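Student: Just need the structure, nothing else, for what follows:
(one chain, ligands or ions: 1)
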Amino acid sequence: MKPDQNPNWFANNPLERLNNEKDNAAFVAERLSDPNSRIMPLWRGDPLVAGGKAGFLSAAALAEFPKDAAVVFLGLRENIAYFGVDASSAQMAETAPFADIGEYMAIRAAASIISRDDLAIIGHARWLFEWHRKHRHCAVCGALTDAIAGGAKRVCPDCETQHFPRSDPVAIVLALHDNHCLLGRGPHFPPGFLSALAGFVEAGETPEEAAKREIFEEAGVTLTDVRYQFSQPWPFPSSLMIGFLADAADKTLTLDTDEIEEAKWISLNDIRALLNGEERDGVFLPPQFTIARQLIERWAE
Ligand SMILES: [Zn+2]
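Tutor: Prediction:
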């Protein structure tokens, strides 16, 4: 990896999105009928994985899917077009097409098996399908909308408003003080599974302001310096994770127990031991495909 490259899984999508060409319906249709084009089926948000790899199919396989299955254009690489097809449309039976050649696997499990390029492509497809599923109606007038531009947007036939896939910004912060970092967990995580604290950026707020507010609300910690590191598209379902390292004024914790069940300061030595796979006080660090882990690793360098 180049030193200036984003270290995060789901980032660095290798496809060219061709935003100008895909507005042309004929371009998308032509690519869809090209036998060299590749399609990735997702079943209820899970990608097809076959033989330890992402289970891309040739475009001809689209005939096996129902006519109303949603198809999205994902981009082009080396003149090969990539599409996603949502295999989980209402008309489908309980099993998806091509389940016999592999397994429709949860993305979090697939993340440690398939290539990072393929994971980024699949994350984009999942993001779009989830958005289409939840945005069938026009937010202005309530009419049913149509997907256009290879699924990159929807348009309302009544009021002509165009609707675009949304990204929900989240500030995620590794707070630091005196060679310790602050990790915590919400009540829905098992004891010991600790991570960097995070929260959605609210209306009228910068990510830095959200970082300061969240850490103070959840842990009672005042941040004095908030430094942006990198970001991550996180398709569960549509978060843009914005990662910060930040200095804390002191280590006193006042937890909001509705949000945070456990939080503690962990020393740099213990973090390095945990990153080496050693046991420390029953703590489990977040997996590598999370931006929280990447923030911890960046600090521990
Ligand atoms: Zn409308």
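Student: near the ion, which residues of the chain?
Tutor: Contact residues (CB under 5 Å from the ion) of the chain with the ion: 138, 140, 141, 143, 156, 158, 159, 161. Where C-beta positions appear, they are placed from N, C-alpha and C, glycine not excepted.
Student: buried subset of the residues you listed?
Tutor: Among these, those classed as buried by 16 or more other CB atoms under 10 Å are 138, 156.
Student: want to try TSV for the residues of the chain next to the ion, with distance to residue 42 and secondary structure as columns?
Tutor: Shown next, in TSV, are the residues of the chain next to the ion (distance: CB to CB, whole Å; DSSP: H, G, I helix; E, B strand; the rest coil):
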residue	distance to residue 42	secondary structure
138	25	coil
140	29	coil
141	30	coil
143	27	coil
156	26	coil
158	30	coil
159	31	coil
161	27	coil
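Student: Closest one to residue 167 out of the residues of the chain next to the ion, please.
Tutor: Closest approach to residue 167 among the residues of the chain next to the ion (CB to CB): residue 161, at 18.9 Å.
Student: ok, so what distance separates residue 189 from residue 293?
Tutor: 14 Å (CB to CB, to the nearest Å).
Student: Those two: which has the busier surroundings?
Tutor: Higher neighbour count among residue 189 and residue 293: residue 293, with 19 against 15, using other CB atoms under 10 Å.
Student: per-residue pLDDT, the residue of the stretch 201-301 of the chain found nearest the ion?
Tutor: In the stretch 201-301 of the chain, the residue that lies nearest the ion is residue 238 (21.3 Å; CB to the ion). Residue 238 is assigned 97 on the pLDDT scale.
Student: So the residue nearest to residue 13 when sequence neighbours are not counted: helix, strand or coil?
Tutor: The shortest distance from residue 13 to any non-neighbouring residue, by CB to CB, 6 or more residues apart in numbering, is to residue 120 (4.0 Å). Residue 120 carries the three-state label helix when classified by DSSP: H, G, I helix; E, B strand; the rest coil.
Student: I'd assumed residue 217 was in contact with residue 256.
Tutor: Yes: counting by CB atoms under 8 Å, residue 217 is a contact partner of residue 256 at 6.0 Å.
Student: Okay then, goodbye and thanks.
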